[in-house]
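> Here you go, sequence then predicted model.
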Amino acid sequence: MVEPAMGALAGLKVIDMASLYAAPLAATIMADFGADVLKIEPPEGDQFRGSKMWPLIARGKRCLALDLRSPDGIEALKALIAQADVVVENYPAGVLVKRGIGWDVLSAINSRLVMLSVSCFGATGPYSDRPGSGTIGEGFGGLTWLMGEEDGPPMLPSVALGDAVGAMSAVIGTLTALYWRERSGCGQKIDASLFEPILQIVAHAAQRWTPGHAPERCGSRLPGVLRNVYRTADMRFVAISASTVRHQADLVALVEGEGDEDARVADWVAGISQADVVATLVTRRIPVTPVNSMDALLADPHVRERGSLIHVESDALGDLALAAPTPRLSATPGRMGDVNPVLGRDLAEMLALWQRA
């Protein structure tokens, strides 16, 4: 059985009874920082068990098979809830109430319990019962509308951005509720939607809004900022963001010429290699980066020295590239637990471990 990593959240007992990505990822982040996380799986195991998604939603956790559709499974969960600090769930609205394990019941069992409920649209409002995911949150929250070229269609990112940002927002809510509990002695329920963190992402664009005139797509540019992705002479790419008056003035002076400033930067970049573009702009302290692939990131000396992206070789799961726990804590840094925890089936053993930890 995997013992929890010591860290800032050591001693915190978390039940992860969620599925899919965003909500379990929130529990994973807590496990990275030392929380003792017990992942509840159906008897047949989580749908991601055995896939490369598994380390993202299960690493560093204990795992226990429970049938939460059965009376025995419900009673077992209640016994665990009595010992828990946090429970994470993302069931459709009303399901837990129908099964007799809604917030009112669980908080009566444990008044100090913090319940993190993750959904796409939140627990209130006319859409609260709609199914959704981070992708749906991105589309509903306005991010998809703003992504893509000016004359092209809206685009989804090539990553599960909404789920990851939603998970981090959910962790912020959980830690805030735990801080309040330390002062008040009382737990509370957290209503964490996936679309509302997206509103924080699009907040900068919202500053360009006036009634009847919504911000539009502008590719990789930002209005008022000399910022874009540019192709270099060696057919690679760099991202440049001249975000201050000094940055922009220095970049414009460097590329010389007349006419559209972005086009002039593009022409200058196209004439030299990626390494030379980066070296030239770094010397002038103008923000620039190579646009890295995953292979480039794993080979990058800065990423390697900090251990920001970890190459893990697993007999069961193959080669994995996993992001290290972040942010960095000087005294109690996060660390990555077992990437492939086994599925336990002995409730009595788990309860004993849970109470002893």
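That came through, no problem.
> going forward, measure contacts between C-alpha atoms and count neighbours the same way
Fine.
> Identify the residues contacting Arg181.
Arg112, Gly187 (CA atoms under 8 Å, 6 or more residues apart in numbering).
> do the same with Ala214
Ala206, Arg208.
> Next: Leu146.
When contacts are counted by CA under 8 Å, 6+ apart, Leu146 is found next to Pro154, Met155, Pro215, Glu216, Arg217, Cys218.
> Can you tell me, leaving aside adjacent residues, what's nearest to Arg264?
Val255 (6.3 Å; CA to CA, 6 or more residues apart in numbering).
> Repeat that for Ser220.
Asn228 (5.0 Å).
> picking that back up, so the residue nearest to Arg264 is in contact with Asp262, correct?
No: the pair Val255 / Asp262 is not scored as a contact, 9.9 Å apart, by CA atoms under 8 Å.
> Helix or strand: which one has Ala23?
In this assignment (DSSP states H and E), Ala23 forms part of helix 22-32.
> List the contacts of that helix.
Identification of contacts with helix 22-32 by CA under 8 Å, 6+ apart yields 4-5, 9, 14, 16-18, 37, 56-61, 88-90, 118, 134, 163-164, 166-168, 170-171, 325, 334-337.
> what about the strands in the chain?
Assigned by DSSP state E, the chain shows strands spanning 13-16, 36-41, 62-65, 86-89, 114-119, 189-193, 226-231, 237-242, 288-290, 309-314, 318-323.
> Paired strands for the second one, with orientation please.
Read that as strand 36-41. strand 13-16 (parallel), strand 62-65 (parallel) (DSSP bridges).
> Over to the last one?
Based on DSSP bridges, the pairing partners of strand 318-323 within the sheet are strand 309-314 (antiparallel).
> who's in contact with Phe140?
Phe195.
> before we move on, what about Leu194?
Val118, Ser119, Cys120, Phe121, Gly122, Ser133, Gly134, Gly137, Gly162, Asp163, Val165, Gly166.
> re the thing from before, which of the strands of the chain has the lowest mean pLDDT?
Lowest mean pLDDT within these: strand 309-314, a mean of 89.
> ok, and what's touching that strand?
Contacts for strand 309-314 (CA under 8 Å, 6+ apart): Leu297, Leu298, Val303, Asp319, Leu320, Ala321, Leu322, Ala323, Ala324.
> any idea how far the closest residue to the first one other than its chain neighbours lies from Met155?
If I follow you right, that is Leu297. Using CA to CA, 6+ apart and skipping the chain neighbours, the partner closest in space to Leu297 is Val303 (6.6 Å). In this view, Val303 and Met155 are 29 Å apart by CA to CA, to the nearest Å.
> Ala65 contacts Leu77, correct?
No: counting by CA under 8 Å, Leu77 is not a contact partner of Ala65; they are 10.7 Å apart.
> Tell me who's in contact with Gly142.
Neighbouring residues of Gly142 by CA under 8 Å, 6+ apart: Ile198, Leu199, Val202.
> same question, Leu64
Leu38, Lys39, Ile40, Glu41, Leu343, Gly344, Arg345, Asp346, Leu347, Met350.
> Confirm for me that the residue nearest to Ser220 is in contact with Phe237.
No: between Asn228 and Phe237 there is no contact under CA under 8 Å: 10.2 Å.
> burial measure for Thr283, as a count.
Using other CA atoms under 10 Å, Thr283 has 8 other residues around it.
> Can you read off the pLDDT for it?
pLDDT at Thr283 comes out at 97.
> Equivalent analysis for Ala27, please.
Looking at Ala27, the pLDDT reads 98.
> Val2 now?
Model confidence at Val2, given as pLDDT, is 44.
> circling back to that earlier point, from the contacts of strand 309-314, which would you call buried?
If you count burial by 16 or more other CA atoms under 10 Å, the buried members of the contacts of strand 309-314 come out as Leu297, Leu298, Leu320, Ala324.
> With Leu309 as the reference, measure out to the second one.
So that's Leu298. Taking CA to CA, one finds Leu298 at 7 Å from Leu309.
> Can you show me the helices along the stretch 1-150 of the chain?
22-32, 54-58, 71-81, 95-98, 103-109, 134-140, 143-146 (DSSP state H, counting those that start in this stretch).
> Relative to Lys189, which of those helices is closest?
When the helices of the stretch 1-150 of the chain are compared by CA to CA, helix 103-109 sits nearest Lys189, at 7.4 Å.
> what mean pLDDT would you report for the closest one?
97.
> Identify each buried residue in that helix, please.
Under 16+ other CA under 10 Å, the buried positions of helix 103-109 are Trp103, Leu106, Ser107.
> Now these in CSV, please, with extra columns for distance to Ala84.
Output for the buried residues of helix 103-109, formatted as CSV (distance: CA to CA, whole Å):
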residue, distance to Ala84
Trp103, 14
Leu106, 10
Ser107, 11
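> of the residues you listed, closest to Ala275?
Among the buried residues of helix 103-109, and counting by CA to CA, the member closest to Ala275 is Trp103, at 55.8 Å.
> where's Ala123 relative to Ser308, distance?
Distance of Ala123 to Ser308, computed by CA to CA: 35 Å.
> Which one's more surrounded, the two?
Higher neighbour count among Ala123 and Ser308: Ala123, with 19 against 16, using other CA under 10 Å.
> That one contacts Ala93, correct?
Yes: Ala123 is in contact with Ala93 according to CA under 8 Å; the separation is 7.2 Å.
> what is in contact with those two at once?
Common contact partners of Ala123 and Ala93 (CA under 8 Å, 6+ apart): Asp129.
> Tell me who's in contact with the residue most central in space within the chain.
Residue closest to the average C-alpha location in the chain (CA atoms, centre = their mean): Ala164, at 2.2 Å. The neighbours of Ala164, taking CA under 8 Å, 6+ apart as the test, are Ala22, Leu25, Gly134.
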